[in-house]
Each structure stands twice: as structure tokens, then as C-alpha cells.
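Chemist: how would this look folded up:
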Amino acid sequence: KNLFNDLIKNIQTYEPFDFDASLDFTIEDLYPKYWNDVLDLNEDNFELDDDNNFIIDAFNYMHRLTLYKSMLTLTSLESVCLVKHDNSKNILWGLPLQHSWQYVTGRLFSSDNDTTIDVKAWWGDMNYYLSVIPYLGAVKAALLPSISLSRNPNSKNFCDSYDDCSTLIDEWSKFFFNYMTYQQNQCDSLSNSPDDNRITSLSTTSFLNTIHSPIANKIDFNLTVEYEDVLISLWNAHTYSISTALPLFQSKLIYLSKKEAEFGLAWSNLVAFIAFTAFPCDIKTTNILQNLLPTRLLQEDDQAPFIDDMTRLQNRAILLIDGLYVADTKSNGEITNAWEILMCSEQTRALGREMIMIGLYRLPVLVEDLKYLIVSECVV
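Modeler: This next block holds a predicted model:
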């Protein structure tokens, strides 16, 4: 309580941003860079090795997108239910969209008009564990065809087989099993309830309205128990990948400016806060959040909130993401631990999702929601 009370006192009143304006887009505007040029994983586009594994270059941005496209197609309601259906709500969109942001902003150290991922790129190395490893999890679950790597610069750091990192791959395999089961259960209700992952008849539907007036009527932060369970499974695998990769690529931080290295570590720390809320990373939600991220690599002289070539919103995000990391580090992880405790119920997780989605647009939301959380049923 003391940590969060201090945080509330230190949050200043900022001019709010128009959150509803961030929802004004078409799906076609949101796809990852070069998404329409991504090759399907088949024999027409990729060679097979002697064991009939598709050979892919794990250090090519386009090849990683191919893996993502395979996973998104596999888990789409159209594939699972054999009916035409929009796939924009697939919770795996956060992975290729984050990788696209890394590519577009120069964080993969790719040269102009080249999609090669430099092995020195910390962000690219970390992403290996959020692209190749999830795919291997789907392979282990017997859901997608097996692959082999055309090159592996360091097999000790870049696990490429089940034998080398079975526990991590099993976590992703478990997620795919859970997600496929959830999607299959949606088939019968598609015609009657296309948004079944959102709560429409539970007491918590109006819960947030008891704390403050509605901010974004187009988004409901209350989710069904079944949908939350799948999201928790996804975030368990996601955070396991990050915690596995962080120590492996610590040495690659030297190729970044000190400011960028600190932001990368702060972003990794933030993922834990997002994960505890069971946050849904569909295509719309992910793009709204990625509008907050820096549009280039940070340099030594960048000082948020005074970075001239970034928006005030991006400056605010950098400042608060870095600040949260510093505070959590100085408290020896107490803030992360406290947040995990506060996310103990459906209602508090709904609040947590609202804070992540809207808090940077309207900081008073952070204050109001935190005031509720520290006296919620999760605090004993």
C-alpha cells in the first residue's frame, strides 16, 4: 500500500489525450510491415532438408513473419471452424506487430531495403524466443510442420530443438493446446455471439463505471473466465521466453546506447505488469499501445519528456516506462510483486487492463484505479 500511495502522490496532472481518436483506423492500416508479401510455409516457397523439415532463415525478418503467419492462420476461427471469419481478434497478433515495430524503428539493425536481422541486435535476439520458440511449441503439439534453421550463429544461445529447451517449448505447446481448444468451443456460437470473449451479462460489466465515468465505450475490459484462462496461458509462455532470453543476450546491450539499453530492459520489465492483467493482444489493442512507443532507437542525448522528434504521448510513455523500471529495481521487485497480488480477481484484472490501455492517455485514470486497487479484496 505504501508503494502505491507514494506512486499516486507523485503522478502529476497532465493534459489528457483523446483516446477515442486512437480507435479511428481500418484493419488494413494495422498489419505488420510487408505483411502482404509474407510467403506461406509450403514446398513452393521453402526448401526441405533431408528429414522433410522446412528450411527457414531465423535471422530474416520476412521468415519470422512466415512463422507468425502460420501460427495466426492455424489458430484462426476460419481454420478451426471452417467458416469465413475475421481474424483481427486473434491474441497472437501482438507478436508479429511487436516484431514489425522493431524492424521499422531500426531495432533489428537491418540496413535499408534489407530484412536481415543482425545477430548483434539485442531486440532481434530477444525476439527469437518470441517467434521461433513459439513456433516450435506448435510443432511439438503436432499442429504445424517442422522446421530447421539454415544457420544458427550460436546454438547455445539460440535453442533450435526440443531437446535443448524442452521446458520452454512445452509451455508454448500447452498454450497452443489451450487456445485451439478455446477456439473450437467458439465454433457453435459464432453466429449468435461473435464477441463471446467479452462479458455481456456479468455483474462486472458495469464495475468500472462505479469508479469513474466510461472513457472508451468501444472497449470492454471485462473478459470471460475462459478467455482469461487462455490469455494467462499465453502470458505464462511469453514471460518464460523473456526470462530465458534476458541473461543469454545481456552482452548484446553494449551495441545499444545507454538510453536504449535501459528502455529495452524497462520494456521487458513492463511485460510482467501487462501479463498479470491477462491482457488481450489482438490487432487493434496492440496497435493502440504501440502508438505509445518510440519511433527510433534512443540516443544518449534523448531526455524524455523533451524528445523533439517524438510526440508528447510517446515522450510520456518513455518517461513512465523507464520510471517504473527504476522504481521496481530500487524496490528489489516489490512493485512487481505487489502488482501481481493486486491482480488476484476478475474485477482487479479488468482495472489493470484499463490502466494499461488508457492510463497513459489520461493519467487521472491511473490514480483513480490505483486508489481502488489498494483497498480491493486482493489486499489483506
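
Chemist: and the spatially most central residue of the chain, what pLDDT?
Modeler: The residue lying closest to the centre of the chain (CA atoms, centre = their mean) is G94, at 4.6 Å. The per-residue pLDDT reported for G94 equals 97.

Chemist: list the buried residues for stretch 91-105?
Modeler: For stretch 91-105, the buried set under the neighbour-count rule, 16 or more other CB atoms under 10 Å, comprises 91-104. The way it works is simple: take the backbone N, C-alpha and C, and place the C-beta from them, glycine included.

Chemist: hmm, I typed the wrong one, I wanted stretch 286-301.
Modeler: For stretch 286-301, burial by neighbour count (16+ other CB under 10 Å) applies to 286-289, 291-294, 297-298.

Chemist: once you drop chain neighbours, what's closest to the residue nearest to the centre of the chain?
Modeler: Nearest in space to G94, with sequence neighbours left out and distances taken as CB to CB, 6 or more residues apart in numbering, is C281 at 2.8 Å.

Chemist: what's the residue nearest to the centre of the chain sitting at in phi/psi?
Modeler: Main-chain dihedrals, G94, degrees, to the nearest 10: phi -60, psi -30.

Chemist: can you tell me which helix or strand S148 belongs to?
Modeler: Here S148, judged by DSSP states H and E, is contained in strand 147-149.

Chemist: same for that strand, what does it pack against?
Modeler: Of the remaining helices and strands, those touching strand 147-149 by 3 or more CB pairs under 8 Å, 6 or more residues apart in numbering; DSSP states H and E are strand 54-56, helix 132-140.

Chemist: so how far is that strand off the chain centroid?
Modeler: In terms of CA atoms, centre = their mean, to the nearest Å, the centre of strand 147-149 is found 25 Å from the chain centre.

Chemist: quick one on the thing from earlier: please convert the buried residues of stretch 91-105 to TSV, extending it with distance to L67 and secondary structure.
Modeler: Shown next, in TSV, are these (distance: CB to CB, whole Å; DSSP: H, G, I helix; E, B strand; the rest coil):
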residue	distance to L67	secondary structure
I91	16	coil
L92	11	coil
W93	14	coil
G94	15	helix
L95	9	helix
P96	9	helix
L97	14	helix
Q98	14	helix
H99	10	helix
S100	14	helix
W101	17	helix
Q102	15	helix
Y103	14	helix
V104	19	helix
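
Chemist: of all those residues, which comes closest to S251?
Modeler: Q102 (18.8 Å; CB to CB).

Chemist: what sits against that closest one?
Modeler: The contact partners of Q102, by CB atoms under 8 Å, 6 or more residues apart in numbering, come to 108, 123-124, 127.

Chemist: 10 Å - rerun?
Modeler: For Q102, the contacting residues are 61, 108-110, 117, 121-124, 126-127, 293, by CB atoms under 10 Å, 6 or more residues apart in numbering.

Chemist: could you dump those residues to JSON lines with pLDDT and distance to N236?
Modeler: As requested, the contacts of Q102 are arranged in JSON lines below (pLDDT from 0 to 100; distance: CB to CB, whole Å):
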{"residue": "Y61", "pLDDT": "98", "distance to N236": "27"}
{"residue": "L108", "pLDDT": "98", "distance to N236": "26"}
{"residue": "F109", "pLDDT": "97", "distance to N236": "30"}
{"residue": "S110", "pLDDT": "93", "distance to N236": "31"}
{"residue": "I117", "pLDDT": "98", "distance to N236": "26"}
{"residue": "A121", "pLDDT": "98", "distance to N236": "26"}
{"residue": "W122", "pLDDT": "98", "distance to N236": "23"}
{"residue": "W123", "pLDDT": "98", "distance to N236": "22"}
{"residue": "G124", "pLDDT": "98", "distance to N236": "24"}
{"residue": "M126", "pLDDT": "98", "distance to N236": "18"}
{"residue": "N127", "pLDDT": "98", "distance to N236": "18"}
{"residue": "L293", "pLDDT": "95", "distance to N236": "24"}
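
Chemist: all set now, cheers.
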